[in-house]
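Trainee: build me a structure from this.
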Amino acid sequence: ETAKKQSLLGVLTEGLDKLPSEQKPYRQLLLKWLKKIDLIEDRNKSINSLCIALVNRFAEDGKKSCILKGQGVGCYYPKPMLRQCGDIDVWLEGDRKSIVRYITSIKPDSKARFHHIDFDIVPEFEIEVHFFPTWYYSPFVSKRFIKWLNTIQDKQMNHLSPFHNDTSIPTPTDEFNTIFLLTHIYKHLVEEGIGLRQLMDYYFFLLHVKNDNDNYDKEEVDKRIKNFYLGNFASAVMWVLQEVFLMDSKYLICPPNEKRGRRLLEEIMAAGNFGHFDTRVDKSDKSPLGFFCRKFRRGLSFIFDYPHEVLWIPYFNIYQRLWRKKEGLV
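Mentor: The predicted structure is shown next:
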């Protein structure tokens, strides 16, 4: 049940294989679990093929792109096919209007959001085409982040990594992923909740950085962590990586903080993958006001740890609501 809640059903079969026979799950449960593994592997094969097809399709139309997070970091796992995959996130070159115009020319009913447009050309898979990979609630930090993105975008889209079936596709550089993956976890924690799968992604990514990369600029990473006020959160994540995954200190990007780390781990175990299993939250009120209040209350619980983000949540939600109304998206 915990493996299901944290989206780790696949990778934990490695643990099942290591158990002595008297400690293995009973046969009915084991067969049910193994059936899930077959589904996870089949979905990974399909979604990897779709990633390759997407990148190639965009390239044929003269547009650069790169695959973000999820499938983009799954290749760092010892057995990538056991990682439970989600949707596909693609960062496409161009501004918001040109990307929306291009995507809707292919699929007219595609819905545009604040930082991506849905591009569900295959019914069983969610595809998000991003105008920019992520943002921050603070307009000042977000502006700084977007400015940085503009200077490094081309490098990300020309950075090829080994992928599926001996192919290579564009994925972000390690310097960018160190910041981006951390920010992705950070935002989901503040917004709705986060699971161990995202922490495991970061764990295997950091192992890759230390073991396989000779050109990693740690000073640049430290600078960006400071610029984007990620220090408190990074220290909490480092503690969780040591506590849960027994990560060696040589892989950490900053000193761990036990107090913040324990709070983060408690949230992870309570909320599950993207907060889907959080029994503390009443989601019955689906109105915009109810959604706003839930998000703000959740943010307030982190105000002493991450004030630079939390204090700007009301501003950003109001701004986004007005922007969506202006663009005819509500």
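Trainee: where does the protein have its least confident helix or strand?
Mentor: Sorted by mean pLDDT, DSSP states H and E, the helices and strands of the chain end with helix 288-300, the least confident at a mean of 74.
Trainee: report all helices and strands that the helix or strand that it is followed by contacts.
Mentor: Past helix 288-300, further along toward the C-terminus, the next helix or strand under DSSP states H and E is helix 307-310. When contacts are defined as 3 or more C-beta pairs under 8 Å, 6 or more residues apart in numbering; DSSP states H and E, helix 307-310 sits against helix 174-191, helix 288-300. Just so you know, the C-beta spots here come from the backbone N, C-alpha and C atoms, and that holds for glycine as well.
Trainee: out of these, deepest packed?
Mentor: When the helices and strands packed on helix 307-310 are scored by mean count of other C-beta atoms under 10 Å, the highest mean neighbour count falls to helix 174-191 (a mean of 22).
Trainee: can you pull out the strands in the stretch 151-300 of the chain?
Mentor: With strands called from DSSP state E, counting those that start in this stretch, the stretch 151-300 of the chain shows them at 160-162, 168-170.
Trainee: typo on my end, it should be the stretch 1-150 of the chain
Mentor: 65-67, 88-92, 116-118, 127-130.
Trainee: for Gly195, find the nearest of these.
Mentor: Proximity to Gly195, assessed across the strands of the stretch 1-150 of the chain by C-beta to C-beta, is greatest for strand 88-92 (16.7 Å).
Trainee: gap between Arg83 and Asp201?
Mentor: Applying C-beta to C-beta, to the nearest Å, the value for Arg83 to Asp201 is 8 Å.
Trainee: what's the answer for Ser301, then?
Mentor: Counting by C-beta to C-beta - Ser301 and Asp201 are separated by 24 Å.
Trainee: more neighbours: which of those two?
Mentor: Asp201 (22 against 12; other C-beta atoms under 10 Å).
Trainee: pLDDT value on the closest residue to that one other than its chain neighbours, please?
Mentor: Spatial nearest neighbour of Asp201, chain neighbours left out: Val73 (5.0 Å); criterion: C-beta to C-beta, 6 or more residues apart in numbering. At Val73, the predicted lDDT confidence score is 89.
Trainee: ok, now the one 3 residues further on?
Mentor: Tyr76 is assigned a pLDDT of 90 by the prediction.
Trainee: what sits against it?
Mentor: Contacts were defined as C-beta atoms under 8 Å, 6 or more residues apart in numbering; by that measure Tyr76 touches 204-205, 207-208.
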